[in-house]
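> For reference, the sequence and a predicted model appear below.
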Amino acid sequence: MSGLRRYQSLGNLVNRLRQDLNQQETESQRRVVNKPATILLLYAYNRTGKTRLSMEFKDAGKRRNNGAADTLYFNAYTEDLFTWENDLDGDNIRHLKLNIDSSFFNGLTDLSLDETIENYLSCYADFEFDIHYFEQSDYANWLNEKRWEDSESLQKQFEDYILGKPSFVSFKNQSAENIKVSRGEENIFIWCLFMAICERVLDGHQSYQWVKYLYIDDPISSLDDNNAIAVACDLANLLRRAASGEDDNGNPAPIKVVFSSHHALFFNVMCNEIGRPKEGEPSVKHKRYFLHRPNSEGGYTLRATDDTPFFHHVATLAELQRAADPDAGTLYTFHFNALRSIMEKTASFFGHKKISFCLKELGNLEDEAKYNRALNLLSHGKYAIHEPTLMGEDNQELFREILTDFITRFQFDLPEILGGTT
């Protein structure tokens, strides 16, 4: 694929991604850029629809396989498989309950994942965990939670399908038992559990023979930069292993992967780790895309970013320019935040710590002072993107003035984000 492509629906976009992962490499393709891939890396802003895309990718697999799943995914829905029991009555025994109706947990019953989870978790956190499994003594509590009356059929159902399955996870640290960990710690535990399951997938364990694809969307959004780099490196190593998988006869049998994120640092580390040749390992066939949704009325654009992983910064400017169009655009107060963010990144690129570097380049001292006051005042309000506030007319004119001077002075070559072919 070259240039920019536009897709009118998630279904069409999923077809494109699956085609990328499933096309066969020919002799002629070995000499061109448009080669098959085993890993797709997608960068997209929040609210683009990454979670919906991951679910449509999963559902497309079921439709193609007569209802049988082929995709193990990690996204916001994965985190919803875990809910807290906060012990509101006793207020001292808290644990994280698992939704065992999901096939996500299939391997926990048959496999010993505790050690693998611990190996990952110890890199990022300092608490401990215990996975508890349903025992016969849990039957009464199980009935009570379901609000069912005891019967022989329910006893058999419990013994055949529930007994021995994972029930909940408890946490502890050096000073307390049954603690409630923070949301960030909860997320990192769930992520480590997913990584442990992925290892069993790559080992070819019977419980996960159905997995042909991994779809990982925004795995860790609340980590600091240091931990984000560590998690990205661990994930990249796992995905490189997935891409180089072989069957029992030594023939290539990779698990295909789609990874998407809005986290610029995480995405960049993934690009570098996946794309960098490693001694003694085969190169990984992968593609990098910038996924964009120009408006809320539907339609998506997909642009290859193999040479420019940080194309999204330029794309943000293009979006701001579109919003600033006095005839067709609409400016909201949060656009000042976006403009300031881009100016900060530009200053950083040139080795400066503050946007004053950019402002000094834009014109005379009078303009510099005016722009500085505007950006300081108008980019620090608590503007909600989900409930946007229209920008006043005076501020709109000032925004257009700053944006035009900035783009002109630094000579950005802005792409036609809204263009492309279907």
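Here it is on my side, so go on.
> Alpha carbons of stretch 56-73, in CSV - could you do that?
Coordinates of each C-alpha in stretch 56-73 appear next as CSV, following Å, rounded to 0.1, in the frame of the first residue of the first chain:
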residue,chain,number,x,y,z
GLU,A,56,-14.6,-5.7,14.5
PHE,A,57,-11.4,-7.6,13.7
LYS,A,58,-12.3,-10.3,16.2
ASP,A,59,-15.9,-10.5,15.0
ALA,A,60,-14.7,-10.8,11.3
GLY,A,61,-12.7,-13.8,12.3
LYS,A,62,-15.8,-15.4,13.8
ARG,A,63,-17.9,-14.7,10.7
ARG,A,64,-15.2,-16.3,8.5
ASN,A,65,-14.9,-19.4,10.8
ASN,A,66,-18.6,-20.2,11.3
GLY,A,67,-18.6,-18.7,14.8
ALA,A,68,-15.2,-20.0,15.9
ALA,A,69,-12.8,-17.3,17.3
ASP,A,70,-9.4,-16.9,15.8
THR,A,71,-8.2,-13.7,17.7
LEU,A,72,-6.9,-13.3,21.2
TYR,A,73,-7.3,-9.7,22.0
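> in that stretch, what's buried?
Along stretch 56-73, the positions that meet the burial threshold by neighbour count (16 or more other CB atoms under 10 Å) are Glu56, Phe57, Lys58, Ala60, Gly61, Ala69, Asp70, Thr71, Leu72, Tyr73. Every residue, glycine included, has its C-beta placed from N, CA and C.
> what's in contact with stretch 159-178?
By CB atoms under 8 Å, 6 or more residues apart in numbering, the surrounding residues in contact with stretch 159-178 are 82, 85, 92-98, 100, 105, 108-109, 126-136, 138, 142, 179-181, 185, 189.
> still on that earlier bit, just the closest of the buried residues of stretch 56-73 to Leu238, please.
Closest to Leu238 out of these is Leu72 (12.3 Å), distances taken as CB to CB.
> In a strand, that closest one, correct?
Yes: residue assignment for Leu72, taken from DSSP: H, G, I helix; E, B strand; the rest coil, places it within a strand.
> Identify the residues contacting it.
Each residue near Leu72 by CB under 8 Å, 6+ apart is listed here: Phe104, Ile197, Cys198, Val201, Tyr208, Val211, Tyr213, Leu214, Tyr215.
> got the buried residues for stretch 120-128?
When burial is assessed from 16+ other CB under 10 Å, stretch 120-128 yields the following buried residues: Tyr120, Leu121, Tyr124, Ala125, Phe127.
> and the second one, what does it touch?
Under the criterion of CB under 8 Å, 6+ apart, the contact partners of Leu121 comprise Phe129, Ile188, Phe189, Cys192.
> got a markdown table for those, with neighbour count, secondary structure and pLDDT too?
Converted to a markdown table, the contacts of Leu121 look like this (neighbours: other CB atoms under 10 Å; DSSP: H, G, I helix; E, B strand; the rest coil; pLDDT from 0 to 100):
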| residue | neighbour count | secondary structure | pLDDT |
| --- | --- | --- | --- |
| Phe129 | 19 | strand | 94 |
| Ile188 | 24 | helix | 89 |
| Phe189 | 22 | helix | 92 |
| Cys192 | 24 | helix | 92 |
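> nearest to Asn15, of those residues?
When the contacts of Leu121 are ranked by distance to Asn15 (CB to CB), Cys192 comes first, at 33.0 Å.
> roughly how far apart are that closest one and Val269?
Computed with CB to CB, to the nearest Å, the distance linking Cys192 and Val269 is 18 Å.
> Show me the two of the buried residues of stretch 56-73 that sit farthest apart.
Maximum pairwise distance in those, criterion CB to CB, is 15.6 Å, between Glu56 and Leu72.
> I'd guessed Ala196 sits against Leu108; true?
No: assessed by CB atoms under 8 Å, Ala196 is found out of contact with Leu108, at 9.3 Å.
> Now for these two: what residues contact both?
Shared contacts of Ala196 and Leu108, defined by CB under 8 Å, 6+ apart, are absent.
> before we move on, back to that, out of the contacts of Leu121, which is nearest to Lys50?
Each of the contacts of Leu121 was scored against Lys50 by CB to CB, and Ile188 proved nearest at 19.9 Å.
> Which SSE is immediately downstream of whichever helix or strand Cys233 is part of?
Secondary-structure element containing Cys233, defined by DSSP states H and E: helix 225-243. Stepping forward along the backbone from helix 225-243, the first helix or strand reached (DSSP H and E) is strand 256-261.
> so what strands line up beside that following strand?
strand 39-44 (parallel), strand 213-217 (parallel) (DSSP bridges).
> which residues are contacting that strand?
Residues outside strand 256-261 that contact it (CB under 8 Å, 6+ apart) are 17, 21-22, 38-44, 50, 53-54, 57, 212-219, 235, 239, 242-243, 267, 270, 291.
> Double-check Ser283 against Pro277; I have them as touching.
Yes: proximity of Ser283 to Pro277 meets the contact threshold set by CB under 8 Å, at 5.7 Å.
> Which residue of the two possesses the greater neighbour count?
Residue environment comparison for Ser283 versus Pro277 gives the larger neighbour count to Ser283, 13 against 8, counting by other CB atoms under 10 Å.
> Any idea how many residues pack against the closest residue to Pro252 other than its chain neighbours?
Once flanking residues are discounted, Pro252 sits nearest to Glu246: 6.1 Å by CB to CB, 6 or more residues apart in numbering. Residues within reach of Glu246, counting by other CB under 10 Å, total 10.
> quick one: Glu246 from Leu202, how far?
The spacing between Glu246 and Leu202, counted by CB to CB, is 11 Å.
> How about Asn237?
For Asn237, the distance to Leu202 (CB to CB) stands at 11 Å.
> More neighbours: the two, which one.
With other CB under 10 Å as the criterion, Asn237 and Leu202 differ in neighbour count, and Leu202 comes out ahead with 19 against 13.
> That one reaches Arg240, doesn't it?
No: between Leu202 and Arg240 no contact is recorded; they are 10.6 Å apart, counting by CB under 8 Å.
> How far does the helix or strand that contains Tyr371 sit from its chain's centre?
Under DSSP H and E, the secondary-structure element containing Tyr371 is helix 365-378. Taking the mean of its C-alpha atoms, helix 365-378 sits 36 Å from the chain's own mean (CA atoms, centre = their mean, to the nearest Å).
> Pull out the buried positions in that helix.
Applying 16+ other CB under 10 Å to helix 365-378 flags Glu368, Lys370, Tyr371, Ala374, Leu375, Leu378 as buried.
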